[in-house]
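1. okay, here's the prediction I keep looking at, along with the sequence it came from:
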Amino acid sequence: MLEVVSLSKRYKQLDAVKGVNLFLEKGESVGLLGPNGAGKSTAISMISTLIKPSEGNVFYLGENMIKHPKKLRKAIGLVPQDLALFPQLTAVDNLLFFGKMYAIPSKQLKKRVNELLVEVGLEERKGDKVKTFSGGMKRRLNIAIALIHHPEILIMDEPTVGIDPQSRNFILKMVRRLQKEEQMTILYTSHYMEEVEYVCDRIYIMDRGSMIAAGTKDEVKDILRSEQTIEIKVNKMSQQLEDTLRSHPNISSVSVEHPTYTIVTNRDDMFDEVIVMATEAKVKLIAIQAKPPTLEDVFLHLTGRNLRD
Ligand SMILES: Nc1ncnc2c1ncn2[C@@H]1O[C@H](COP(=O)(O)OP(=O)(O)OP(=O)(O)O)[C@@H](O)[C@H]1O
């Protein structure tokens, strides 16, 4: 439905986005994951036709949207990172204002405003001025505004940054519901691994302007198939056990956090050896388990850096 081809943006000496390719199929929820400064906001600003790319194209239903952006603008609801609200107006008046910008007929608009206030959990505060709202409430209102014109595609730029956990959970559940029950197409950017794992079916990972991985959640995790993480919980910490683990040729990393050793190994039959090592070090094993890789592990593996660096 939406296809982004070789999209690039250059700011003077800086390549903020470098030849990014991405597609969205109708009704799917896609995550764009990357640390601060990776180029996510720049990429989605180009996709939303807010800024012009230096190179590349955006196709919507097969038509070039860089040349003819109108159609795509109508199809997209964008939740920007910076809030775009009138603090002196009430929640209802903010929604009415943005609805009128889309020339939605008055009766229809009123109905839509009420629906959306329920959707984002702000019905009880609808008559209050936005300046009295918490960060999370403002963010939810911003999402309602993005949805006012029944967009086909909802693009969200880190919608949970800096808000309370309750609003965060509310937003995550709402996004999932919009996709599952209303077949809305979603592009969700975040630097929180667990959010993207929860909200999205398919994932792109960006770093320093480039796309470094893409695929379904499982495909992305498969990047790590040759490695596995094992957690070893013990009755007491032992320098001998730690030294033996560290010097093992098939163990690439050992981290120690009382009462657990966490190792990364390229072998899938390490349990027996770990038991022998523990016995020799006179350590009792309380538990030993292999941990499935997380997207955080994938990012670390691909870039050598933690996602929230
Ligand atoms: N208008 C601009 N002029 C110059 N440089 C810019 C501009 N906008 C973004 N950049 C730079 O482009 C790079 C990518 O920024 P961008 O905001 O797209 O990253 P991001 O992944 O969205 O990160 P964040 O999560 O911090 O928003 C950064 O180095 C940023 O400083």
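-> Happy to help now that I have it. Numbering: from 1, shown residues only.
2. pLDDT weak spots in the chain?
-> Low-confidence regions of the chain, defined by pLDDT under 70, span residues 308-309.
3. packing partners of the longest helix belonging to it?
-> What stands out as the longest helix in the chain, according to DSSP state H, is helix 165-182. In terms of contacts (3 or more C-beta pairs under 8 Å, 6 or more residues apart in numbering; DSSP states H and E), helix 165-182 is packed against strand 29-33, helix 135-147, strand 153-157, strand 185-190, helix 193-199. The C-beta positions use only the backbone N, C-alpha and C, and glycine is treated the same way.
4. switch to 6 Å and redo it
-> The helices and strands touching helix 165-182, judged by 3 or more C-beta pairs under 6 Å, 6 or more residues apart in numbering; DSSP states H and E, are helix 193-199.
5. where does the stretch 1-150 of the chain come near the ligand, residue by residue?
-> Contacts of the stretch 1-150 of the chain with the ligand, taken as C-beta under 6 Å from any ligand atom, map to Y11, L14, A16, G34, N36, G37, A38, G39, K40, S41, T42, Q81.
6. hmm, back to that, what angle sits between the longest helix of the chain and strand 185-190?
-> 160 degrees (axes from the mean of the first three to the mean of the last three C-alpha atoms, to 10 degrees).
7. how far is helix 165-182 from where the chain is centred?
-> Mean-position distance between helix 165-182 and its chain equals 13 Å (C-alpha atoms, centre = their mean, to the nearest Å).
8. contacts for that helix?
-> By C-beta atoms under 6 Å, 6 or more residues apart in numbering, the residues outside helix 165-182 that reach it are S29, G121, G136, P159, T160, M184, I186, Y198, V199.
9. which ones are touching the last one?
-> What it means is V199. V199 makes contacts with S29, L172, V175, R176, Y188, as judged by C-beta under 6 Å, 6+ apart.
10. mind redoing it with 8 Å?
-> S29, G31, L172, V175, R176, Q179, I186, Y188 (C-beta atoms under 8 Å, 6 or more residues apart in numbering).
11. what of the fourth one?
-> With contacts taken as C-beta under 8 Å, 6+ apart, P159 has the following neighbours: V79, R139, N142, I143, I171, V175, Y188.
12. same check, this time on the second one
-> By C-beta under 8 Å, 6+ apart, the residues touching G121 are R140, F170.
13. which SS class is it?
-> coil (DSSP: H, G, I helix; E, B strand; the rest coil).
14. what of the fifth one?
-> Local secondary structure at T160 is given as coil here, using three-state DSSP.
15. can you map out the helices along this protein?
-> Applying DSSP H to the chain gives helices spanning 40-47, 70-75, 91-101, 106-119, 135-147, 165-182, 193-199, 217-222, 239-247, 271-280, 295-303.
16. quick one on the thing from earlier: neighbour count and distance to D93 for the contacts of V199 - can I get that in TSV?
-> Shown next, in TSV, are the contacts of V199 (neighbours: other C-beta atoms under 10 Å; distance: C-beta to C-beta, whole Å):
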residue	neighbour count	distance to D93
S29	23	31
G31	26	33
L172	19	28
V175	24	25
R176	15	29
Q179	21	29
I186	22	27
Y188	27	28
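17. from these, pick the one nearest K291.
-> Nearest to K291 out of these is G31 (C-beta to C-beta; 21.2 Å).
18. buried stuff in the longest helix of the chain?
-> Within helix 165-182, the residues that count as buried by 16 or more other C-beta atoms under 10 Å are S167, R168, F170, I171, L172, M174, V175, L178, Q179.
19. could you check how far the third one is from D128?
-> It stands for F170. For F170, the distance to D128 (C-beta to C-beta, to the nearest Å) stands at 18 Å.
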